[in-house]
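>>> For reference, the sequence and a predicted model appear below.
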Amino acid sequence: MVMQFKTLDIALALNLIIPFHGIFISFFFFNKSVCSLSPNFFLGSLLFVLSSLILFQLMYFGYNVFTDLNISLYYLCELLTCPFLFLYNSIIIRPCELPRIYSHLAIIALVFLLFTLIAFANGSVYIMLTVIFIIINGLYMAGSVYLLIYLIRGADLRSKYFQTSVYSGIIIFNLLMVGAFLISAILQIIHPVSIIYFAQIPKDLVIYYIYYQILKRA
């Protein structure tokens, strides 16, 4: 039993290193954005939320019994990155059509409020809040997928706005983000308790892919 706890502590320590790297890189992007709503700002926001999500899942779900409510919250908090992915895709794929950022920030604030309320709600209120939460984030995810398809199908757009490396980088990043959500969800369905650390690996890959892109351009 002592050896098992030591193994879990080591796994937790190793998993904590990556999100802290992600938070550090997010501040690098915030600094590069120079307080403007540039792609760097939105990428930094997405990376900060993704890294914070990993920390939350490791610290909260790693040390709490997996009740039905906790499992539900785990899946729901995976959706919190959807609005940020949509905003990043919007600003980088359609730079001439800036999103209404303040409207989206208000919706994002509502999303986080709903998530907090879901954690304390029960019965019909819990179901109603959960449905609203899923619909809002589902629409953002659908919007991200639509923008990605728009980018892939728009050959003239690629040649006009992007170099080939940037174009492929956007696609790979989006596929990693979607894959991270799907793989993490599948792993938790298989065995939500013992596989909590492995479920973070797909999101870790997203962070280190961004880190790799920074080093490649340095």
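Perfect, I can see it now.
>>> Just the buried positions in the host helix or strand of L151, please.
Per DSSP states H and E: L151 is located in helix 123-153. Neighbour-count burial for helix 123-153, with 16 or more other CB atoms under 10 Å as criterion, is recorded at 126, 129-130, 133, 136-137, 140-141, 143-144, 147-148, 151. C-beta: built from backbone N, CA, C; applies to glycine.
>>> Export these as TSV, with columns for pLDDT.
Converted to TSV, these look like this (pLDDT from 0 to 100):
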residue	pLDDT
Y126	86
L129	90
T130	90
F133	92
I136	93
N137	91
Y140	91
M141	89
G143	89
S144	87
L147	85
L148	83
L151	79
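>>> from those residues, which is closest to F84?
Y140 (8.6 Å; CB to CB).
>>> Lowest average confidence across helices and strands of the chain, where is it?
Every helix and strand of the chain was ranked by mean pLDDT, DSSP states H and E. The lowest is helix 155-161, at a mean of 52.
>>> that older thread, from the buried residues of helix 123-153, pick the one nearest S90.
For those, the nearest to S90 is L147 (6.5 Å; CB to CB).
>>> The closest one and S26: what is the separation?
As judged by CB to CB, to the nearest Å, L147 and S26 stand 22 Å apart.
>>> same thing with P19?
Remark: distance between P19 and S26 (CB to CB) = 10 Å.
>>> can you list residues touching both of those two?
Counting by CB atoms under 8 Å, 6 or more residues apart in numbering, the common neighbours of P19 and S26 are S51.
>>> Tell me where the protein has helices.
Using DSSP state H, the helices found in the chain span residues 2-33, 39-56, 68-78, 82-93, 101-120, 123-153, 155-161, 164-190, 201-217.
>>> Please identify the deepest-packed of these.
helix 82-93 (a mean of 24; mean count of other CB atoms under 10 Å).
>>> Can you pull out the residues in contact with it?
Helix 82-93 has contacts (CB under 8 Å, 6+ apart) with 37-39, 42-43, 45-46, 49-50, 97-99, 101, 104, 107-108, 111, 137-138, 140-141, 143-144, 147-148, 150-151, 157, 170, 174, 177.
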